[in-house]
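Undergrad: Sequence plus the predicted model coming up.
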Amino acid sequence: MTEKKSFYITTPIYYPSGKLHIGNATTTIACDVLARYKRLMGYDTFYLTGLDEHGQKIQTKAEEAGMTPQAYVDGMAVGVKELWKKLDISYDKFIRTTDDYHESVVADVFEKLLAQGDIYLGEYSGWYSVSDEEFFTESQLTEVFRDENGEVIGGIAPSGHQVELVSEESYFFKLSKYQKHLEAFFKAYPDFISPSSRMNEMIKNFIEPGLEDLAVSRTTFTWGVPIKSNPKHVVYVWIDALLNYATALGYGQGDTTKFEKFWTGQTEVKSWTDESGKVWDFKIASSVNHMVAKDILRFHSIYWPIILMALDLPLPNRLIAHGWFVMQDGKMSKSKGNVVYPEMLVERFGLDPLRYYLMRSLPVGSDGTFTPEDYVGRINYELANDLGNLLNRTVAMINKYFDGQVPNLSTGSTEFDEDLQAVAGQAIADYHKYMDLVDYPRALDAVWSLIARTNKYIDETAPWVLAKDEAQKDNLASVMAHLAESLRVVANLIAPFMMTTANAITEQLGLGAIASIENLTFGQFPEGVRVVAKGTPIFPRLDMDEEIAYIKEQMAAGKSAAEKEWAPEEVELTLNKPEIKFEEFEKTEIRVAEVIDCQKVEGSDKLLLFRLDAGDAEHRQILSGIANFYPNPEELIGLKVQIVANLKPRKMMKKYVSQGMILSAEHDANLTLLTVDSSVPNGSVIG
Ligand code: MSP
């Protein structure tokens with residue numbers, strides 16, 4: 001017996017920092033479909049998913065919940081496993097990065113890289129986004145905040161999250177040492193990332209500008225894998241997390257059978273010769289496939305191959321990167337009331353419609369939009385109408401005309417048979433082609449092209465007309481056989497996506513459960529089979545308006561639930577500037593000042609020159625750029641305003657010294673000075 005080919009597929013390990021939504025479910029279902037497809041194609045398949053449980057983000061979440069991080073992640077892991085059960089996810093292993101075996105290998109790997117000189121101790125000073133658990137250089141920030149001297153004091157990461165300044169002793173991974181290797185690897189194996197446009201993105205954004213060494217340890221919190229030789233450091237959560245793909249198979253542990261079977265056992269070499277004639281050879285583990293979305297591609301396409309190179313392990317076969325599901329009003333967020341949770345959709349509509357919808361609309365290259373209209377529409381038109389009706393009509397006609405006995409394909413013929421067979425053949429071929437490319441929308445399009453052709457075949461052959469003519473009995477038999485066979489093919493093709501539906505179809509056709517689709521062709525319907533006496537509809541028709549309204553209500557209920565459960569400590573505040581400590585604020589002296597005089601500054605459209613009584617020994621002078629909003633400055637005389645009194649005086653327009661700042665509020669395109677009741681004495685301190 002020849003040994004089966006191995007296939008290893010992994011999801012990202014998700015952060016258990018909140019309830020998982022349809023975005024996370026998308027990747028997990030997409031991997032499940034691939035795992036089921038490969039099993040049906042005869043591969044020995046191993047499907048891994050799990051949780052990324054260490055890091056600052058989780059530690060903070062646990063603290064907020066008043067729990068230890070371990071108790072917190074233990075609770076979250078239960079919920080995630082329940083969700084995967086509801087979605088019928090056929091994973092072979094669920095890894096948690098707090099599992100002992102994983103932690104111990106991570107600690108060992110770190111020491112190994114340290115010992116071989118790939119990691120060195122240094123000082124890190126730069127920007128860190130806790131939400132992304134990611135370091136950024138200043139140039140990568142989409143926005144920077146500066147103090148009055150122009151110094152950068154904060155900023156915003158590309159994900160929209162705030163960054164904080166991290167200044168600490170840190171170990172660094174010498175990514176720069178592997179720059180050439182990575183470039184050569186991408187050249188030797190241009191199919192590594194799919195779709196390939198994403199590889200160009202990585203080359204342009206990260207490789208061409210030059211790889212910077214990566215900080216790979218943290219000292220300011222403790223929730224992570226401690227570094228053996230220097231336990232005040234914990235391993236950077238991404239190094240810890242990426243290694244899960246290897247530790248889950250037993251890498252670095254006693255029993256490495258699985259690691260050999262699914263990683264090192266099936267390799268091929270890809271080569272590239274550079275300009276100098278040097279040949280670069282890369283060992284590829286042809287069974288290893290990772291699926292991620294675009295947000296974490298950089299970690300998987302740059303850091304992960306480099307870690308593997310440093311460990312002298314074969315590189316993954318493929319990195320499948322899909323886009324995001326977004327909502328019509330942008331990214332999913334609780335406060336916008338546009339988050340969709342998979343549980344709600346499964347409870348209302350069943351599991352198969354959810355799996356079908358997410359995969360048929362899977363954003364392959366770019367992002368895709370989830371809409372309730374589209375969701376209900378696809379169930380009604382594509383599942384209930386196109387597929388459900390085809391099955392109902394077929395089973396009903398075979399019962400009516402042949403007493404439930406499925407006739408043989410070769411009994412008779414019609415002029416439409418050949419085309420139906422050709423379309424089926426093409427659908428099967430296209431389906432396999434697109435399944436290999438993990439382009440599920442196109443693979444399902446192929447299946448639906450056969451469904452559409454089969455529905456058309458009923459209209460063309462008009463069995464109800466043939467049934468009236470005894471001489472056409474054999475041809476009617478052939479039509480029934482073609483319909484049953486088409487449906488059998490369809491059931492086999494949709495099996496990785498919708499197991500329940502696929503098996504319901506084969507059951508109604510009188511066939512056994514689907515065990516393999518390896519040699520599927522049109523024309524294999526077994527002889528002597530009876531369909532069920534009366535088929536039940538596999539997808540009930542939905543009232544569009546009612547169901548769309550239901551989904552919208554549920555999304556809004558999520559929002560009001562989020563509002564009702566108002567937990568101030570969990571609210572993410574919307575800030576325009578980085579957070580400051582009380583001691584920092586305390587340094588600012590704000591005082592009440594009366595406007596003694598106010599005039600336009602000659603030579604400036606914007607500036608007003610104020611003379612103020614702010615309780616100092618003498619009046620002070622402040623220039624303020626608000627002339628546009630106060631065209632009659634003399635009207636301000638006598639008002640009591642608020643000023644920052646201890647701002648370092650500065651020269652303006654070469655000759656005027658400005659001794660502070662007058663506070664005002666900006667709103668829409670307008671501006672209003674902040675005034676104080678006239679009873680408050682000049683110089684009173686505000687704070
Ligand atoms: N813990 C890291 C991954 C470590 S892997 C070694 C992480 N976790 S995460 O919880 O933030 O999950 C990110 C992944 O969730 C994305 O890469 C994608 O697979 C999935 N998705 C999250 N939101 C999504 C959408 N809106 N749409 C599609 N996929 C989405 O990053």
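TA: Done, it's in.

Undergrad: Quick check: phi and psi at L673.
TA: phi -70, psi 140 (degrees, to the nearest 10).

Undergrad: ok, now which ones touch it?
TA: By CB atoms under 8 Å, 6 or more residues apart in numbering, the contact list for L673 reads 626, 630, 636, 639, 641, 662-664. For glycine as for every other residue, the C-beta is placed from the backbone atoms N, C-alpha and C.

Undergrad: Of these, grab the buried ones for PyMOL.
TA: The buried residues among the contacts of L673 can be selected in PyMOL (16 or more other CB atoms under 10 Å) with this line:
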select buried, resi 626+630+636+641+662+664
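
Undergrad: need the contacts of L673 in a markdown table with secondary structure, distance to V340 and pLDDT, can you?
TA: Conversion of the contacts of L673 to a markdown table gives the following (DSSP: H, G, I helix; E, B strand; the rest coil; distance: CB to CB, whole Å; pLDDT from 0 to 100):
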| residue | secondary structure | distance to V340 | pLDDT |
| --- | --- | --- | --- |
| I626 | coil | 46 | 94 |
| Y630 | coil | 49 | 93 |
| L636 | helix | 53 | 95 |
| L639 | coil | 52 | 95 |
| V641 | strand | 49 | 97 |
| I662 | strand | 48 | 96 |
| L663 | coil | 43 | 96 |
| S664 | strand | 42 | 94 |
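
Undergrad: Now the contacts of L673 in a markdown table, please, with extra columns for distance to I686.
TA: Formatted as a markdown table, these follow (distance: CB to CB, whole Å):
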| residue | distance to I686 |
| --- | --- |
| I626 | 19 |
| Y630 | 22 |
| L636 | 19 |
| L639 | 15 |
| V641 | 11 |
| I662 | 13 |
| L663 | 9 |
| S664 | 14 |
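
Undergrad: what residues are up against the closest residue to A513 other than its chain neighbours?
TA: Using CB to CB, 6 or more residues apart in numbering and skipping residues adjacent in sequence, the residue nearest A513 is N503, 5.4 Å away. Residues near N503 by CB under 8 Å, 6+ apart: 491, 495, 513-514.

Undergrad: Narrow these to just the buried residues.
TA: Applying 16+ other CB under 10 Å to the contacts of N503 flags 491, 495, 514 as buried.

Undergrad: from those, which ones fall inside helices?
TA: A491 (DSSP state H).

Undergrad: for the buried ones among the contacts of N503, which one is nearest the ligand?
TA: A495 (23.6 Å; CB to the nearest ligand atom).

Undergrad: and the closest one, backbone torsions?
TA: According to degrees, to the nearest 10, A495 has phi -50, psi -40.

Undergrad: Next, the contact list for it, please.
TA: Counted by CB under 8 Å, 6+ apart, A495 has contacts 36, 40, 502-503, 514, 517.

Undergrad: Please repeat the previous calculation with a cut-off of 7 Å.
TA: Counting by CB atoms under 7 Å, 6 or more residues apart in numbering, A495 makes contact with 36, 40, 502, 514, 517.

Undergrad: Need the phi and psi values for G155.
TA: Dihedral angles for G155 - degrees, to the nearest 10 - are phi 180, psi -180.

Undergrad: Which residue lies closest in space to Y72, excluding its sequence neighbours?
TA: A62 is the one closest to Y72 (CB to CB, 6+ apart), at 3.7 Å.

Undergrad: would the one you found count as being in a helix?
TA: Yes. Counting by DSSP: H, G, I helix; E, B strand; the rest coil, A62 falls inside a helix.
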